[in-house]
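Peer 1: Next come a sequence and a model predicted from it.
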Amino acid sequence: MATASSVATSCERLPAAVCASSAKVGPSLSLGQADMVTVVADRGAVADAAATALANLLVTAQDLEGVLAAAAGMAKCGVRGAFIQLGDLVGLVGVPPAHLHILRHACGFALADQGADTRLIQDYLGHRNIQHTVRYTAANSTRFGD
């Protein structure tokens, strides 16, 4: 069984890249059913590839243990940690090099990058005030077209 100590990390290994992937939100094609997979890695390309691969592996609740083990095995490729959600099930491998709240921000930015509506992001993150949500959409100028 994968545990929080499966991927060794430390604050001295900054900077880090964070990427998220979801089968439920956004236009991208996913073979899995993950609500959200967020990966912290040494490089952006590694975080992106790992998040996509892990999200594709998670089809049913029974797959969660195997996906956590796969995430732990990605440490040799530079993956420092992964947060995986499927419905009410949540798995965490590794210790991100910063406060876990960074995963919440990664989720908000990922939803915005995937074109999610600002009100949807507000609801997903539980913000009462829309101004707390606007920072995610404001950072993504490409969503407003030419």
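Peer 2: Looks like it arrived, so ask away.

Peer 1: counting contacts, what elements does the strand ranked longest in the chain pack onto?
Peer 2: In the chain, assigned by DSSP state E, the strand with the most residues is strand 79-86. When contacts are defined as 3 or more Cβ pairs under 8 Å, 6 or more residues apart in numbering; DSSP states H and E, strand 79-86 packs onto strand 36-41, helix 44-57, helix 64-73, strand 89-94. The C-beta positions use only the backbone N, C-alpha and C, and glycine is treated the same way.

Peer 1: What residues of stretch 33-53 count as buried?
Peer 2: 33-42, 46-53 (16 or more other Cβ atoms under 10 Å).

Peer 1: I misspoke; the intended subject was stretch 54-67.
Peer 2: Buried residues in stretch 54-67 (16+ other Cβ under 10 Å): 54, 55, 56, 57, 58, 63, 64, 67.

Peer 1: what sits against residue 108?
Peer 2: Contacts for residue 108 (Cβ atoms under 8 Å, 6 or more residues apart in numbering) come out as 121, 125, 133, 135, 136.

Peer 1: what's the neighbour count on the third one?
Peer 2: The criterion is other Cβ atoms under 10 Å. On that basis, residue 133 has 23 neighbouring residues.

Peer 1: wouldn't it be in contact with residue 124 here?
Peer 2: No. Counting by Cβ atoms under 8 Å, residue 133 stays clear of residue 124, with 9.2 Å between them.

Peer 1: Pull the distance from the longest strand of the chain to the chain's centre.
Peer 2: 6 Å (Cα atoms, centre = their mean, to the nearest Å).

Peer 1: Begin at 160 from now on, thanks
Peer 2: With the count now opening at 160, the last piece we talked about shows up as strand 238-245.
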